[in-house]
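A.B. asks: coordinates for the following, if possible.
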Amino acid sequence: MKKEEEQLEEKHLERTIQVIRNKISELGQEFYDKEEKIQEFKELIWDSKQDMDPAEMRFMMAESDSEVIQMERKSKYFQTLFRIQNNPYFAKIIFEDQVGKEEIYIGITHVEDDLEYLIHDWRSPICSLFYDYEVGPASYESPDGIVSGNLSLKRQFQIKDGKMQGIFDTNLNIDDEVLQQVLLEESNDKMKNIVNTIQQEQNHVIRNTEDKNLIVQGIAGSGKTSVALHRIAFLLYKIKNLSSNNVLIFSPNKVFSEYISNVLPELGEDNTLQTTFDGFLESNIIEFRKVEEFTKFIERYYKKENKNKKLTAYKQSNQAILDMKNYIESWIKEVRFIEDYETRDFTYTKEELNYFLHERYNHLKFCEIFPVIADKICNTYYDGKHKNYKKIIADLYHRLNQKRDFKEIYKNFYHSKFFQEHYPDPLSDSEINGFINTKELLYEDACLFIYLKGLLEGFSYRGSIKQIVIDEAQDYSKLQYLVIKEIFKNASFTILGDVNQTINPYYKYESLQELKEIFPEDTRYLELTKTYRSSQEIIAYTNQILNLKHITAIRKENNVPVLFRDHHNLKENLEKDIKQLKEKYKSIALITKTDQEAVKLYELLKPEIKELSLLESNTEKFNRDLIVVPAYTAKGLEFDSVIIYTDLENRYQEEEKYLYYVACTRAQHQLIIYNQK
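C.D. replies: Got it, this is the predicted structure:
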């Protein structure tokens with residue numbers, strides 16, 4: 001690149017930074033003035049409320065609310081400008097169409113100066129050219145249709161503290177200089193945004209708005225979670241009236257939720273609602289004090305604490321869905337009113353009530369019928385007054401031949417022909433009571449129990465949620481998807497996972513395409529086939545674990561082989577490895593198979609290594625510099641270097657290879673393995 005061109009770029013950077021700082025100053029003054037104005041406005045409304053009629057009051061309040069909403073929007077923009085002022089953009093393209101030639105600088109948000117766009121938001125239609133095309137013929141979809149032309153320049157910038165550090169002219173080549181420099185960076189405690197290195201296959205997922213639902217199979221390290229978060233940011237930009245409060249992310253655990261908490265704010269958006277599936281179960285199952293966490297459910301298997309793996313596998317199976325559905329349908333058919341409902345105000349015979357239950361209102365869920373009958377009685381005999389409404393519902397239930405006791409109904413499922421036909425080993429009452437008469441409902445029972453409740457009383461519809469993101473999709477059974485889909489009936493779904501990273505030992509998809517059975521309409525299946533996390537040496541080893549051949553490594557070779565250690569002189573060797581790794585890398589994880597092994601290593605090393613911390617499934621705040629963590633809690637995270645440890649008598653077996661694969665693929669640059677060669 002010519003010296004003059006470099007100077008022009010530096011001048012553009014100086015001008016852009018100055019414009020941003022002026023905007024920050026102007027917005028700061030505007031906030032100060034507006035805050036005083038809004039306060040005066042509220043005081044005026046309060047002082048004048050006696051003289052205003054209700055319509056005037058509503059108008060004034062609406063005007064005040066509108067001012068506040070505008071202020072909030074500007075405040076968010078102000079925060080984004082403040083964040084990017086020393087690093088305002090990361091790329092530039094030159095695109096020429098029939099209208100003319102445009103120079104487009106691309107950053108986190110837009111910046112204008114006297115109607116001139118100094119920076120375009122990376123989510124704007126024209127910026128898709130940067131991610132999708134190399135230099136040459138190109139097109140993008142604008143609000144007015146397809147715009148075709150020629151892309152004559154793709155340029156990337158490295159800017160630090162307001163100074164130009166590097167300028168790279170590039171094409172679509174995935175191992176370009178900027179991407180490789182980013183991959184060489186050490187990992188942080190929080191996930192970072194990837195707007196400057198989004199690859200073409202990732203961009204197709206992020207910007208897809210043609211399909212209602214997306215199912216994405218992505219190999220380890222392909223950026224699934226980053227893609228999901230950037231997709232959320234894109235949809236918030238693209239879809240009118242969609243806010244962060246309309247988006248819900250299902251995360252694997254609290255550790256993961258904390259890890260991703262910086263990405264959306266970095267992109268200028270508020271964090272969305274988040275939950276784990278076990279947290280979601282606990283908030284919807286009131287019949288038990290507590291619901292077992294998914295990680296505890298997994299721990300039981302690897303700690304060999306599960307007394308009946310065959311029964312657990314059945315409860316997780318697709319067959320259990322069908323059996324439970326048939327059982328509830330049969331149970332409802334057998335329910336009858338066995339008494340007339342007679343008061344001094346009205347009389348309904350049991351025949352009339354059974355007509356309502358099995359014919360007139362049988363299109364409703366079973367438990368939805370009783371409020372409808374009660375409403376009918378209130379309207380007919382009490383002039384629409386509902387003071388007796390709850391008592392009427394209770395009286396109706398009291399006249400049935402079956403109790404509305406979900407725990408009892410669930411218990412009887414295991415005595416039913418529907419269960420016994422597909423589970424030949426009969427269960428004793430004491431065995432059944434063992435997992436029902438308990439304060440903490442086991443995870444596998446909670447999934448079936450919430451389904452039973454939904455079949456009987458319907459699922460509580462959450463209409464405010466318009467977009468659902470499910471990460472680590474391979475660890476959810478079809479039963480879980482059925483429940484989620486029923487609750488969020490009209491939401492769009494982005495489902496991301498990797499069948500090779502399944503840690504649920506009782507349930508395995510051959511392909512995530514199987515989920516099209518649950519989401520049959522307007523659903524697209526996409527794949528992410530390149531991995532950006534691990535070195536080629538680590539990928540070559542992890543490929544062997546599952547006999548994979550299709551993984552494409554983007555990192556260049558770092559000539560650091562995977563190392564193997566045995567159990568001799570364990571404390572001494574671990575301390576030596578940790579010391580050497582600390583000299584080269586920022587983050588180090590010791591990943592064990594079980595939480596017991598994690599505690600053991602932590603207690604062994606902590607006296608000498610004070611900065612060591614133990615990461616558990618319910619940990620929220622953590623520092624990734626040096627941690628001990630079980631494999632099922634580490635999924636979704638990544639570290640500069642990883643030490644894999646299992647006790648000698650507890651080595652990973654063939655049936656545990658997927659968990660072993662998850663553990664090993666957390667490493668970016670170096671992998672050391674104890675007791676597993």
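A.B. asks: is the most centrally placed residue in the chain within a helix or a strand, and which one?
C.D. replies: Geometric centre of the chain, nearest residue: residue 249, 3.5 Å, by Cα atoms, centre = their mean. Residue 249 is part of strand 247-250, with elements assigned from DSSP states H and E.
A.B. asks: that strand packs against which elements?
C.D. replies: Judged by 3 or more Cβ pairs under 8 Å, 6 or more residues apart in numbering; DSSP states H and E, strand 247-250 is in contact with helix 224-238, strand 273-275, strand 467-470. C-betas here are computed from N, CA, C, even on glycine.
A.B. asks: same list (those) but as JSON lines, adding distance to residue 602.
C.D. replies: Formatted as JSON lines, those follow (distance: least, Cβ to Cβ, whole Å):
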{"stretch": "helix 224-238", "distance to residue 602": "27"}
{"stretch": "strand 273-275", "distance to residue 602": "28"}
{"stretch": "strand 467-470", "distance to residue 602": "32"}
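A.B. asks: and the ones you listed, which one's lowest on average pLDDT?
C.D. replies: Ranked by mean pLDDT, these bottom out at strand 273-275, with a mean of 91.
A.B. asks: kindly state the beta-bridge partners for residue 163.
C.D. replies: residue 160 (DSSP bridges).
A.B. asks: what separation do you get for it and residue 326?
C.D. replies: Here the criterion is Cβ to Cβ, to the nearest Å. By it, residue 163 lies 69 Å from residue 326.
A.B. asks: now swap in residue 126 and tell me
C.D. replies: Taken as Cβ to Cβ, the span from residue 126 to residue 326 is 55 Å.
A.B. asks: show me where the stretch 51-200 of the chain has strands.
C.D. replies: 91-96, 101-107, 111-113, 116-121, 136-142, 145-160, 163-169 (DSSP state E, counting those that start in this stretch).
A.B. asks: quick one: closest of these to residue 296.
C.D. replies: strand 116-121 (42.9 Å; Cβ to Cβ).
A.B. asks: so where's this protein uncertain?
C.D. replies: Applying pLDDT under 70 to the chain picks out residues 1, 34-68, 171-189, 550-553, 555-557, 617, 619-622.
A.B. asks: redo the helices and strands packed on strand 247-250 as a markdown table? Include mean neighbour count and distance to residue 309.
C.D. replies: Converted to a markdown table, the helices and strands packed on strand 247-250 look like this (neighbours: other Cβ atoms under 10 Å; distance: least, Cβ to Cβ, whole Å):
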| stretch | mean neighbour count | distance to residue 309 |
| --- | --- | --- |
| helix 224-238 | 22 | 29 |
| strand 273-275 | 16 | 28 |
| strand 467-470 | 22 | 26 |
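A.B. asks: and of these, who's closest to residue 501?
C.D. replies: Here helix 224-238 is closest among the helices and strands packed on strand 247-250 (Cβ to Cβ), at 9.7 Å.
A.B. asks: can you get me a residue count around residue 529?
C.D. replies: 12 (other Cβ atoms under 10 Å).
A.B. asks: again, but for residue 330
C.D. replies: 12.
A.B. asks: if I look at it, how far off is residue 417?
C.D. replies: Counting by Cβ to Cβ, the gap from residue 330 to residue 417 is 9 Å.
A.B. asks: wait, residue 140 touches residue 125, no?
C.D. replies: Yes: contact criterion Cβ atoms under 8 Å: residue 140 and residue 125 qualify, at 5.2 Å.
A.B. asks: neighbour-wise, which of residue 126 and residue 326 wins?
C.D. replies: Taking other Cβ under 10 Å, residue 126 and residue 326 do not tie; residue 126 has more neighbours (19 against 15).
A.B. asks: dump the residue contacts of that one.
C.D. replies: Residue 126 makes contacts with 95, 102, 104, 120, 140, 142, 147, as judged by Cβ atoms under 8 Å, 6 or more residues apart in numbering.
A.B. asks: brilliant, that's me finished.
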